[in-house]
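In: requesting a structural model of the entry that follows:
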Amino acid sequence: MSRVGKKPIPIPEKVDVTFTGQMVTVKGAKGTLARTVHPAMKLEVEGSSLHVVMAEDNRINQALQGLTRSLVANMVRGTDQGFERVLEINGIGYRAEVKGNSIVLNLGFSHPINFELPAGVSATVDRNTIIKLSGIDKEALGQAAASIRRLRPPEPYKGKGIKYAEEYIQRKAGKTGTK
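Out: I've put the predicted structure just below:
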């Protein structure tokens with residue numbers, strides 16, 4: 001049984017959740033998100049909480065119940081508070097700057113990389129090496145952060161590259177000389 005799926009989703013006062021057919025729409029102070037839910041799942045609003053209910057109880061629907069609950073809870077939190085991911089750039093001469101709706105990254109290549117931000121994701125750069133991505137859609141935000149990190153992943157010998165702020169890079173000892 002899904003323990004996650006059975007937990008109610010608290011709905012803040014400023015957030016409005018509507019469920020018509022298989023489409024869930026969440027409107028909040030930061031924006032609006034919509035998503036199609038699996039036909040085996042139903043949403044029920046009871047007071048200031050939301051419950052995900054299965055049409056019939058089987059193993060696949062139990063997994064879908066937990067997934068649906070997590071997705072809808074992230075939509076509610078995103079429209080109310082928003083999400084943020086922080087990336088750090090390490091390396092001599094590595095830097096970033098925001099130009100319009102894109103980030104220009106100098107990562108040691110012969111040319112700067114122009115990364116276009118997806119819709120709904122905004123970025124700020126602090127001290128040329130800390131990129132703060134923010135948005136209301138957790139999925140789009142995480143994909144944008146992973147795409148930026150993939151441009152120059154951190155290497156274990158000198159620690160150069162782009163890493164998440166909470167990520168720890170385990171360092172390796174380099175090759176020793178024969179002298």
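
In: any idea how this protein splits into domains?
Out: 3-80, 83-164 (automatic domain parsing).

In: residue 172 is nearest to which of these?
Out: domain 83-164 (4.5 Å; C-beta to C-beta). For glycine as for every other residue, the C-beta is placed from the backbone atoms N, C-alpha and C.

In: model confidence over the closest one, on average?
Out: When pLDDT is averaged over domain 83-164, the result is 92.

In: what's the offset of that domain from the middle of its chain?
Out: Distance of domain 83-164 from its chain centroid, counting by C-alpha atoms, centre = their mean, to the nearest Å, is 14 Å.

In: mind listing residues that contact the strand ranked longest in the chain?
Out: For the chain, the strand with the greatest residue count under DSSP state E is strand 83-90. Here strand 83-90 makes contact (C-beta atoms under 8 Å, 6 or more residues apart in numbering) with 74, 77, 95-96, 105, 107, 128-138, 141-142, 144-145, 148-149, 154, 159-166.

In: can you lay out the domains of the chain as a markdown table showing distance to residue 173?
Out: A markdown table is the format used below for those (distance: least, C-beta to C-beta, whole Å):
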| stretch | distance to residue 173 |
| --- | --- |
| domain 3-80 | 41 |
| domain 83-164 | 9 |
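
In: mind putting those into TSV with distance to residue 171 and mean neighbour count?
Out: Below are the domains of the chain laid out as TSV (distance: least, C-beta to C-beta, whole Å; neighbours: other C-beta atoms under 10 Å):
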stretch	distance to residue 171	mean neighbour count
domain 3-80	34	16
domain 83-164	6	16
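
In: which residue is the nearest non-sequential neighbour of the residue most central in space within the chain?
Out: In the chain, the centroid-proximal residue (C-alpha atoms, centre = their mean) is residue 142; its distance is 3.0 Å. Nearest residue to residue 142 in three dimensions, chain neighbours excluded: residue 85, at 6.9 Å (C-beta to C-beta, 6 or more residues apart in numbering).

In: so which elements touch the helix or strand where residue 66 lies?
Out: When elements are assigned from DSSP states H and E, residue 66 belongs to helix 59-80. The contact analysis (3 or more C-beta pairs under 8 Å, 6 or more residues apart in numbering; DSSP states H and E) places helix 59-80 against helix 3-6, strand 9-10, strand 23-27, strand 32-36, strand 41-46, strand 49-54, helix 138-151.

In: and the ones you listed as TSV, adding distance to residue 66?
Out: Converted to TSV, the helices and strands packed on helix 59-80 look like this (distance: least, C-beta to C-beta, whole Å):
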stretch	distance to residue 66
helix 3-6	4
strand 9-10	12
strand 23-27	16
strand 32-36	15
strand 41-46	10
strand 49-54	8
helix 138-151	16
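
In: looking at the ones you listed, which is closest to residue 111?
Out: Closest among the helices and strands packed on helix 59-80, using C-beta to C-beta: helix 138-151, at 12.1 Å.
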